[in-house]
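Asker: The following comprises the amino acid sequence and a computationally predicted model.
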Amino acid sequence: MTDARLIDGNAFSARLRDTIATHVQTLRDEHHVVPGLAVVLVGEDPASQVYVRTKHKRTVETGMKSFEHKLPADTPEREVLTLIEGLNDDPEVHGILVQLPLPGHIDSQKVIEAIDPAKDVDGFHPVNVGRLSAGLDAMVPCTPLGSLMLLKDVLGKLDGLDAVVVGRSNIVGKPMAQLLIKESCTVTVAHSRTRDLPDVVRRADIVVAAVGRPEMIRGDWLKPGCTVIDVGINRIEAADGTKKLVGDVNFAEAVKVAGAITPVPGGVGPMTIACLLRNTLVACARQHRLPVPPV
Ligand SMILES: Nc1nc(=O)c2c([nH]1)NC[C@@H]1CN(c3ccc(C(=O)N[C@@H](CCC(=O)O)C(=O)O)cc3)C=[N+]21
Ligand SMILES: [Mg+2]
């Protein structure tokens with residue numbers, strides 16, 4: 001069999017960012033409104049610093065305003081909550097993202113619930129979680145939204161397909177399952193306690209891997225021709241001592257069996273950031289009661 005088609009998240013996200021930039025320009029020219037995204041980073045986690053820098057760069061490139069708030073690791077929880085209250089009230093800020101994970105002394109759920117649901121571009125606030133599960137207009141979490149865009153690009157209509165989501169996190173697994181249900185897939189959510197996981201995965205036309213375990217999903221777990229979305233981003237040490245980035249899927253094996261697969265890096269990661277910009281644009285249009293651009 002020929003190798004799987006590579007799903008190019010870099011190229012897809014670049015096109016999406018171009019489309020978003022066009023709508024940002026229109027908002028500016030016709031309505032004198034500039035979408036603004038505030039990113040809050042607490043502490044100095046090196047991976048988080050890289051992500052926040054990339055988000056800032058992409059936000060500015062797209063023509064939006066970027067407001068970065070970098071706080072020391074020992075910032076008291078109440079100071080973070082006060083900052084969020086200020087951002088909620090700031091008319092220049094349409095989207096608020098608090099980079100996770102937060103330091104251990106801060107209750108992440110409390111911080112998430114302090115964000116105005118209309119500005120919750122991560123889609124983590126319980127109001128947005130509930131709205132998504134009820135099939136209402138919601139801010140949809142960026143990684144699942146980007147994953148769905150890639151799936152629709154590869155497969156067209158998804159209805160009737162068997163989808164297995166491996167991982168049940170609030171950030172990826174659960175919202176991914178909601179989106180796939182909405183697309184009329186038959187959805188299974190597997191996790192660490194699932195029995196006979198390889199057999200469960202083998203039934204899937206669509207596999208979404210979001211477990212955070214490097215290369216856990218093996219090639220012989222896959223139905224030939226299936227579509228694999230690898231959400232994992234794991235930094236591991238290769239045999240020769242160098243650091244490398246791998247997903248939750250054993251790519252070398254999976255590429256021989258799957259019909260299409262996302263690489264790591266260059267798959268879902270860049271889609272997450274493009275969807276963050278998309279959500280900020282949508283949030284801005286809604287807050288100004290303007291038509292929501294079709295992105
Ligand atoms: N409130 C919050 N919202 C998030 O959306 C959020 C978060 N916290 N905490 C951390 C995770 C992770 N995340 C990524 C974003 C971009 C890439 C990305 O651009 N990856 C590139 C480069 C990877 C690299 O070189 O490190 C790629 O996969 O090709 C990856 C991961 C957003 N997250
Ligand atoms: Mg915590």
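Answerer: Right, received. Where do you want to start? Ligands and ions are numbered 1, 2, ... in the order given.

Asker: So Glu68: helix, strand or coil?
Answerer: At Glu68 the chain is in strand, as set by DSSP: H, G, I helix; E, B strand; the rest coil.

Asker: what about it, how many neighbours?
Answerer: Residues within reach of Glu68, counting by other C-beta atoms under 10 Å, total 14. Every residue, glycine included, has its C-beta placed from N, CA and C.

Asker: now the one 3 residues further on
Answerer: Here the neighbour count serves as a burial measure; for Leu71 (other C-beta under 10 Å) it reads 15.

Asker: And the one 3 residues further on, by the same measure?
Answerer: Burial measure for Asp74: 9 neighbouring residues, criterion other C-beta under 10 Å.

Asker: which residues touch it?
Answerer: Contacts of Asp74 were listed using C-beta atoms under 8 Å, 6 or more residues apart in numbering, and they are Pro103, His105.

Asker: Torsion angles phi and psi at it?
Answerer: Asp74 adopts backbone torsions of phi -100, psi 20, taken as degrees, to the nearest 10.

Asker: same question, Arg5
Answerer: Recorded main-chain torsions at Arg5 are phi -70, psi 130, according to degrees, to the nearest 10.

Asker: Please list all residues in contact with it.
Answerer: Val154, Gly259, Ala260, Ile261.

Asker: What residues does Ile20 make contact with?
Answerer: Listed by C-beta under 8 Å, 6+ apart, the contact partners of Ile20 are Thr62, Ala274, Leu277, Arg278, Leu281, Val295.

Asker: and what of Lys110?
Answerer: Neighbours of Lys110 in contact, by C-beta under 8 Å, 6+ apart: Glu77, Leu81.

Asker: Compute the distance between it and ligand 1, please.
Answerer: Computed with C-beta to the nearest ligand atom, to the nearest Å, the distance linking Lys110 and ligand 1 is 14 Å.

Asker: related to what we said a few turns ago, name the nearest of the contacts of Ile20 relative to ligand 1.
Answerer: Compare each of these with ligand 1 using C-beta to the nearest ligand atom and the shortest gap goes to Ala274, at 9.3 Å.

Asker: Contact partners for the closest one?
Answerer: For Ala274, the residues meeting the contact criterion (C-beta under 8 Å, 6+ apart) are Phe12, Ser13, Leu16, Arg17, Ile20, Arg58, Gly146.

Asker: With Val39 instead?
Answerer: Applying C-beta under 8 Å, 6+ apart, we find Val39 in contact with Val52, Lys55, His56, Ser66, Phe67, Glu68, His69, Leu97, Gln99.

Asker: Closest one of the contacts of Arg5 to ligand 1?
Answerer: Comparing every one of the contacts of Arg5 with ligand 1 (C-beta to the nearest ligand atom), the shortest separation belongs to Ile261, at 13.7 Å.

Asker: any idea how far that closest one is from Glu113?
Answerer: Applying C-beta to C-beta, to the nearest Å, the value for Ile261 to Glu113 is 37 Å.

Asker: ditto for Val257
Answerer: Taking C-beta to C-beta, one finds Val257 at 42 Å from Glu113.
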